[in-house]
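> Okay, here's the prediction I keep looking at, along with the sequence it came from:
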Amino acid sequence: MIRMPKTLLALACLGLAAQAGAAGACSAHHEPAAGEPTLEQVRRATERFRDVNVALAEGYLRDPFDLCDTAEMMGQPASLGAMGIHYFRPDLLGISAPPAPRVDGAGTHTDFLKPAILIYEPQADGSLELVAVENLVFAKAWHARGHAEPPRFHGVAYDTMADDPSTPTDEAHAFEPHYDRHVWIYRDNPNGVFAPYNPRVSCAHHTGAHTHAAHQQ
């Protein structure tokens, strides 16, 4: 096995992170902190959700905007890939009312053994394939609990998401400012296991909405 010197490895990771547009792009090299589950433990705890009907039975709801999120929709290079269709647990996100006009919540749930969000890729036959899990906390609620910094997983800070009203792109995908972390345990991601987008995920077979514009009114 050829071992890359740590300095070169760090530089390679920084380059990949810049390309992927996320600080977590090289997070596969990080170890879990005390009390955190390993990626394998997360996978074992969520394996049953490969059947979307199990997710629905346990309280997950399909994104009411019916979007299959891509990097291009968020103003990022299309080459970064896509996220997919989000299914979420309103109780874990602390959502108690319909979006008005943006989704907001009071939850501070960060346990990846019970992720608040499941992400699926639409298939040509109309089925859905589980590709990633995610946790999301709303910034206002998180800081109200006394946290000065975003949450972290395996030593990597969650991505910060907030819409810039001066751009036509909805950078926060119809959510109030929040922190989120994707974990690609069901689809290999060249961008990194904790990157937001995956070039090996496609929304080509999605038949629902294809833009956030209709929800920005």
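Cool, the structure landed.
> from the middle of its chain, how far away would the longest strand along the chain be?
In the chain, with assignment by DSSP state E, the single longest strand is strand 128-138. Using CA atoms, centre = their mean, to the nearest Å, the mean C-alpha position of strand 128-138 is found 5 Å from that of the whole chain.
> list the buried ones in it?
Across strand 128-138, burial judged by 16 or more other CB atoms under 10 Å covers Leu128, Leu130, Val131, Ala132, Val133, Glu134, Asn135, Leu136, Val137, Phe138. Heads up, the C-betas are built off the backbone N, CA and C, glycines and all.
> Pick out the most distant pair among these.
Longest distance between any two of these is 26.0 Å, between Leu128 and Phe138; criterion CB to CB.
> sorry, back to before: return the member of the buried residues of strand 128-138 nearest to Val42.
For the buried residues of strand 128-138, the closest approach to Val42 (CB to CB) belongs to Val133, at 6.6 Å.
> Which residue comes closest to the closest one once chain neighbours are left out?
Residue nearest to Val133 in three dimensions, not counting chain neighbours: Pro115, with 3.9 Å by CB to CB, 6 or more residues apart in numbering.
> So what does the residue nearest the centre of the chain look like in phi/psi?
For the chain, His182 is the residue whose C-alpha lies nearest the centre (CA atoms, centre = their mean; 3.4 Å). Note on His182: backbone dihedrals following degrees, to the nearest 10 are phi -90, psi 150.
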